[in-house]
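Participant: here's a sequence, model it:
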Amino acid sequence: MTAKKSTLFEEAPLLESLASVNVTLICLALAMVIILIGTLAQVKMGTFAAQKVFFNSWILYARLGGVKIPVFVGGLAVGAAWMVNLVAAFLRRFTFRRRDAGILLSHFGLIVLLAGQFLTQTLAHESTMPIELGQTMRYSETLSDPELALVDTSNPQKDIVTSVPYSIFSRSGHVDLPGLPFSILIRRFYANAQVEMNTGGDENLATQGIGTRVRVRELPPTSSDEEVNNATAYVDILDNDHSLGTWLVSAGLGAPQFFTIRGHEFHLFVRPRRHYYPFAVTLKEFRHDSYPGTDIPKNFSSLVHLENPAAHDSRDALLYMNHPLRYQGITFIKPASAKTTACPFFKWSKILPLGLPTLDASSLRSDWH
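Facilitator: Here you go, the predicted structure:
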């Protein structure tokens with residue numbers, strides 16, 4: 001007579017339903033569909049845009065007459081459902097015996113793999129740092145996520161930076177700026193545009209700055225991995241509802257706009273979203289070695305100096321392939337190549353714990369340009 005196997009949860013109807021093999025098969029089928037349409041979409045959307053839309057989302061939406069309508073589940077939803085199914089099966093069906101150690105370890109490993117990927121996709125933030133030899137940086141940038149920056153340069157010791165995220169300044173309308181003696185009005189916004197000198201009588205909303213001599217030509221937004229949208233906007237500066245004028249701001253201008261209000265001078269410009277840190281990184285040395293007699297790369301490495309006065313930390317670190325620097329929850333990765341030996345790019349990956357506040361967006365004057 002064979003004894004009945006003892007499991008962790010003998011009577012758990014809900015757990016039994018969640019652990020169903022049918023749920024597993026449904027999750028696998030949905031994952032295959034998402035992978036297929038996401039891979040095909042990369043041809044037109046680009047890798048990063050397709051990853052964000054199909055794999056880093058809970059729901060897939062389609063637009064109908066300007067209204068977003070949910071049409072399918074996203075990669076995060078499928079992954080979360082599959083992980084719940086595996087955990088339920090792990091708790092409900094498998095027995096804790098020595099001969100079952102292999103299947104227990106394999107399922108536990110798959111659960112850890114899915115959980116790790118889920119946490120990475122939901123909590124990790126990546127940005128880049130183009131840094132020249134001898135240069136010191138205190139921030140990284142997200143090139144695909146522009147922001148509208150207003151910089152108070154009145155203090156000789158430091159600049160006070162207020163940034164308006166893309167989700168706000170990409171919509172026409174009034175924007176209040178807490179802590180500043182003025183507000184702004186977004187008159188018109190272009191997700192992507194070409195700016196060029198105005199040689200004719202084209203319409204121009206700008207009344208101040210270089211924008212009065214510039215023409216804006218709207219372009220279709222791009223999602224290519226090799227291109228970046230040139231976010232452009234006409235912005236009014238309002239002092240108690242009184243307009244000081246309309247400025248054109250655009251990453252394509254290459255220089256900030258200036259205005260003075262109540263004795264404070266401000267710079268106004270569009271830039272990639274910046275992430276400030278309480279430490280500084282200086283590039284001391286960059287090496288690009290090749291195999292003798294060939295142009296085949298052998299080694300890319302960067303020697304950096306890390307300076308954190310608040311933590312009394314000052315040290316050098318060598319970054320090279322598969323050997324990143326990890327510091328305060330941030331991973332510094334040296335890419336396999338760089339545009340020039342004088343200006344390598346660092347890729348920063350930061351996993352933000354839940355509830356972690358953002359850092360104060362202030363910087364030394366030498367930190368922005």
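Participant: buried set for the helix or strand where L40 lies?
Facilitator: Under the criterion DSSP states H and E, the helix or strand holding L40 is helix 21-45. Across helix 21-45, burial judged by 16 or more other Cβ atoms under 10 Å covers V23, C27, L30, A31, I34, G38, A41, Q42, M45. Quick note: C-beta positions are derived from backbone N, CA and C, even for glycine.
Participant: how about the secondary structure of the nearest residue to the second one once chain neighbours are set aside?
Facilitator: Think C27. Nearest in space to C27, with sequence neighbours left out and distances taken as Cβ to Cβ, 6 or more residues apart in numbering, is W82 at 4.0 Å. Secondary structure, DSSP: H, G, I helix; E, B strand; the rest coil: W82 is helix.
Participant: can you check R187 too?
Facilitator: Under three-state DSSP, R187 falls in the strand class.
Participant: just checking, it touches L238?
Facilitator: No - with contact taken as Cβ atoms under 8 Å, R187 and L238 are classed as non-touching, separated by 11.3 Å.
Participant: contacting residues for Y277?
Facilitator: By Cβ atoms under 8 Å, 6 or more residues apart in numbering, the contact set of Y277 is R138, Y139, S140, Q328, I330, L359.
Participant: can I get those in a markdown table including secondary structure and distance to N230?
Facilitator: Compiled in a markdown table, the contacts of Y277 are given as follows (DSSP: H, G, I helix; E, B strand; the rest coil; distance: Cβ to Cβ, whole Å):
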| residue | secondary structure | distance to N230 |
| --- | --- | --- |
| R138 | strand | 26 |
| Y139 | strand | 21 |
| S140 | strand | 21 |
| Q328 | coil | 33 |
| I330 | strand | 29 |
| L359 | coil | 27 |
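Participant: most surrounded residue in these?
Facilitator: Counting neighbours by other Cβ atoms under 10 Å, the top entry in the contacts of Y277 is S140, with 26 neighbours.
Participant: for that residue, which non-adjacent residue is spatially closest?
Facilitator: Sequence neighbours aside, S127 is the residue nearest to S140 in space, at 3.9 Å (criterion: Cβ to Cβ, 6+ apart).
Participant: where is the longest strand in this protein?
Facilitator: For the chain, the strand that runs over the most residues, judged by DSSP state E, is strand 264-290.
Participant: so what strands line up beside that strand?
Facilitator: For strand 264-290, the paired strands and their directions (DSSP bridges) are strand 136-152 (antiparallel), strand 257-261 (antiparallel), strand 297-308 (antiparallel).
Participant: quick one: which of those is nearest Y276?
Facilitator: Within the strands paired with strand 264-290, the stretch nearest Y276 is strand 136-152; the backing value is 4.7 Å (Cβ to Cβ).
Participant: state the distance from I168 to A206.
Facilitator: For I168, the distance to A206 under the criterion Cβ to Cβ, to the nearest Å works out to 21 Å.
Participant: so for these two, which residue has more residues nearby?
Facilitator: The residue with more neighbours, out of I168 and A206, is A206; 21 against 14, by other Cβ under 10 Å.
Participant: what's the pLDDT at the residue lying closest to Y291 once chain neighbours are set aside?
Facilitator: Distance criterion Cβ to Cβ, 6+ apart; nearest residue to Y291, sequence neighbours excluded, is K298 at 5.0 Å. We note a pLDDT of 81 for K298 in this prediction.
Participant: next up, the contacts around K298.
Facilitator: By Cβ under 8 Å, 6+ apart, the contact set of K298 is D289, S290, Y291.
Participant: out of these, which is nearest to L319?
Facilitator: Using Cβ to Cβ, D289 comes nearest to L319 of those, at 14.4 Å.
Participant: and the closest one, how many neighbours?
Facilitator: Burial of D289 is recorded as 10 neighbouring residues (other Cβ under 10 Å).
Participant: for I237, same thing?
Facilitator: Using other Cβ under 10 Å, I237 is surrounded by 21 other residues.
Participant: same deal with V87?
Facilitator: By other Cβ under 10 Å, the burial measure for V87, its neighbour count, is 18.
Participant: where's the closest residue to it other than its chain neighbours relative to W82, distance?
Facilitator: If you skip the residues right next to it in sequence, V87 has I111 as its closest partner in space, 5.9 Å away by Cβ to Cβ, 6+ apart. I111 sits 10 Å away from W82, going by Cβ to Cβ.
Participant: sketch out the low-pLDDT regions of the stretch 101-250 of the chain for me.
Facilitator: Low-confidence regions of the stretch 101-250 of the chain, defined here as pLDDT under 70, cover residues 201.
Participant: hey, where'd the strands end up in it?
Facilitator: Using DSSP state E, counting those that start in this stretch, the strands found in the stretch 101-250 of the chain span residues 124-130, 136-152, 159-165, 173-175, 183-190, 193-197, 214-218, 232-239, 242-250.
Participant: closest one to A77 among those strands?
Facilitator: Taking Cβ to Cβ, strand 124-130 is the member of those nearest to A77, at 18.3 Å.
Participant: can you check what angle separates that closest one from strand 136-152?
Facilitator: 100 degrees (axes from the mean of the first three to the mean of the last three Cα atoms, to 10 degrees).
Participant: quick check: pLDDT value at L40.
Facilitator: Looking at L40, its pLDDT reads 93.
Participant: again with A88
Facilitator: Here, the pLDDT recorded for A88 equals 87.
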